[in-house]
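In: Below: sequence and its predicted model.
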Amino acid sequence: MALRSPPEPKIAGSPPHYLQHHRFSSVNRVQKLRLNSVRASLRFGPLFWPWQKVKIGPMNVSPMGFGTWAWGNQVLWGYEQSMDSDLQSAFNLALKNGITLFDTADSYGTGKLNGQSEKLLGKFITEFPGSNETRENIVIATKFAAYPWRITPGQFVGACKSSIERLQIEKIGIGQLHWSTSNYAPIQERALWDGLVAMYEQGLVGAVGVSNYGPKQLIKIHDYLKARGVPLSSAQVQFSLLSMNKEQMELKQVCDNLGITVIAYSPLGLGLLTGKYTASNLPRGPRSLLFRQILPGLTPLLGSLNRIAQTRGKTMSQVAINWCICKGTVPIPGIKTVKQVEENLGSLGWKLSSDEISELENSAQASPKKMIQNIFQTA
């Protein structure tokens, strides 16, 4: 599949027919209220619909993408191969409704299923029943793991070629270094940077990005790549109301100054910001331990999310994702089902007011519990 830039965004005053009649949320009784809220919000400033595009380096992408961490992950997300049909339906629905950015990684998939996320994406792209133009507008952002045996630029380029094979595409949209090794293997870090340069120069990727980099290390790799003639286009980090702290805001400021787009993973805090869970209703698996620790300290934030959601005729998830968009990031909530795609699409086409943003951020600061930092995050 040859990836090419989609057409320039068309600014529309109302959604096309397939979105006007499309169910954004599973809660039927507030469908009309939600659509009215979207229409009313057209008065309050710039909006994003899925068919509008934002820039990540040279790539034009939808203002929200979808993550595929769960595709193949049996431990944290309970993946089973019997889910593949549902995953494919979710992918098809997202693509038909204007979502073009899909994030994955060569390490996604547990045990023998390592790489399963990329394989499924490749299969779904190939079998997509829509037009070739829609298929060719897809931008795949994949991450290459800094495994200890990847110690040369050539090995990192080899990882990129393996991902291209699994994805069944000719070129990756955004090739990303999954994490920095500066804290434990600084010599390896330089080889990985050189690998990014090589895959860009060889035309294997359209843009280069990093993941789990803090502001200090981000500046270093930006300057190094710039000296080699390679622009750093994106920085993927944990970014949500639940992880809002000084370091997160500093990173966003650095990215703004350097022209780097922030891709926000876990915009719903692994599900903590959805409002679906309580101390007596926890998710299955390892997440339950984390939720049991954090949920009791989220009362102010969850309260504000719920109040704004009720006022807007939205869900708490839609409000939390919209906040990420209002902060100038491209969120990539994970999807496994059609229902999740439908709900997440309702995050687009409207905009939180400045007062609502302030309320959410004040409530986040007032909540004593925060999301734990990714162990691979650097300074």
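Out: Everything's here; your move.
In: Provide a list of residues in contact with the residue nearest the centre of the chain.
Out: Nearest to the centroid of the C-alpha atoms of the chain, with distances taken as Cα atoms, centre = their mean, sits Ile332, at 1.8 Å. If a contact means Cβ atoms under 8 Å, 6 or more residues apart in numbering, then Ile332 has Met64, Gly65, Phe66, Gly67, Leu101, Asp103, Gln236, Ile263, Ala264, Tyr265, Pro267 as its contacts. No exception for glycine: its C-beta is placed from N, CA and C like everyone else's.
In: Asn137 is in contact with the fifth one, correct?
Out: I take that to be Leu101. No: assessed by Cβ atoms under 8 Å, Leu101 is found out of contact with Asn137, at 10.1 Å.
In: which residues sit against the helix or strand containing Cys160?
Out: Using DSSP states H and E, the secondary-structure element containing Cys160 is helix 153-167. The contact list for helix 153-167 (Cβ under 8 Å, 6+ apart) reads 104, 106, 115, 118-119, 121-122, 125, 140, 142, 144-145, 149-150, 170-172, 175, 191-192, 194-199, 202, 204-205.
In: Which of those fall in strands?
Out: Using DSSP state E, the members of the contacts of helix 153-167 that fall within strands are Thr104, Ile140, Thr142, Phe144, Ile172, Gly175, Val205.
In: Using TSV, lay out these together with pLDDT, distance to Leu348 and neighbour count.
Out: Output for those, formatted as TSV (pLDDT from 0 to 100; distance: Cβ to Cβ, whole Å; neighbours: other Cβ atoms under 10 Å):
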residue	pLDDT	distance to Leu348	neighbour count
Thr104	97	21	30
Ile140	98	20	28
Thr142	98	24	30
Phe144	98	29	29
Ile172	98	25	25
Gly175	98	26	28
Val205	98	27	27
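In: Looking at these, which is nearest Tyr277?
Out: Thr104 (25.8 Å; Cβ to Cβ).
In: Tell me where the protein has helices.
Out: Assigned by DSSP state H, the helices in the chain fall at 17-20, 31-41, 84-96, 116-127, 132-136, 153-167, 186-201, 215-227, 246-258, 287-294, 299-312, 316-326, 338-345, 354-366.
In: what's the longest one packed up against?
Out: With contacts defined as 3 or more Cβ pairs under 8 Å, 6 or more residues apart in numbering; DSSP states H and E, helix 186-201 has these neighbours: helix 153-167, strand 172-177, strand 205-211, helix 215-227.
In: Flag every buried residue along that helix.
Out: Gln188, Glu189, Ala191, Leu192, Trp193, Asp194, Gly195, Leu196, Val197, Ala198, Met199, Tyr200 (16 or more other Cβ atoms under 10 Å).
In: just to revisit the earlier point, of the contacts of Ile332, just the buried ones, PyMOL syntax please.
Out: Command for PyMOL, covering only those of these found buried under the criterion 16+ other Cβ under 10 Å:
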select buried, resi 64+65+66+67+101+103+236+263+264+265+267
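In: Surely Asp256 is in contact with Gly328?
Out: Yes: at 7.1 Å, Asp256 counts as touching Gly328 under the criterion of Cβ under 8 Å.
In: ok, and the closest non-adjacent residue to His178?
Out: In space, not counting the residues next to it along the chain, His178 is nearest to Lys143; the distance is 3.9 Å by Cβ to Cβ, 6 or more residues apart in numbering.
In: any chance of the helices of the chain in JSON lines, plus distance to Trp179 and mean pLDDT?
Out: Shown next, in JSON lines, are the helices of the chain (distance: least, Cβ to Cβ, whole Å; pLDDT from 0 to 100):
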{"stretch": "helix 17-20", "distance to Trp179": "37", "mean pLDDT": "34"}
{"stretch": "helix 31-41", "distance to Trp179": "37", "mean pLDDT": "39"}
{"stretch": "helix 84-96", "distance to Trp179": "25", "mean pLDDT": "96"}
{"stretch": "helix 116-127", "distance to Trp179": "17", "mean pLDDT": "97"}
{"stretch": "helix 132-136", "distance to Trp179": "30", "mean pLDDT": "92"}
{"stretch": "helix 153-167", "distance to Trp179": "13", "mean pLDDT": "98"}
{"stretch": "helix 186-201", "distance to Trp179": "10", "mean pLDDT": "97"}
{"stretch": "helix 215-227", "distance to Trp179": "10", "mean pLDDT": "97"}
{"stretch": "helix 246-258", "distance to Trp179": "15", "mean pLDDT": "93"}
{"stretch": "helix 287-294", "distance to Trp179": "20", "mean pLDDT": "84"}
{"stretch": "helix 299-312", "distance to Trp179": "28", "mean pLDDT": "96"}
{"stretch": "helix 316-326", "distance to Trp179": "21", "mean pLDDT": "97"}
{"stretch": "helix 338-345", "distance to Trp179": "26", "mean pLDDT": "96"}
{"stretch": "helix 354-366", "distance to Trp179": "25", "mean pLDDT": "95"}
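In: do you know which of the ones you listed lies nearest Thr378?
Out: With Cβ to Cβ as the criterion, Thr378 lies closest to helix 215-227 of those, at 4.5 Å.
In: Show me what counts as buried in that closest one.
Out: Pro215, Gln217, Leu218, Lys220, Ile221, His222, Tyr224, Leu225.
In: would JSON lines of the contacts of Ile332 with pLDDT be doable?
Out: Formatted as JSON lines, the contacts of Ile332 follow (pLDDT from 0 to 100):
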{"residue": "Met64", "pLDDT": "97"}
{"residue": "Gly65", "pLDDT": "98"}
{"residue": "Phe66", "pLDDT": "98"}
{"residue": "Gly67", "pLDDT": "96"}
{"residue": "Leu101", "pLDDT": "98"}
{"residue": "Asp103", "pLDDT": "98"}
{"residue": "Gln236", "pLDDT": "97"}
{"residue": "Ile263", "pLDDT": "98"}
{"residue": "Ala264", "pLDDT": "97"}
{"residue": "Tyr265", "pLDDT": "96"}
{"residue": "Pro267", "pLDDT": "96"}
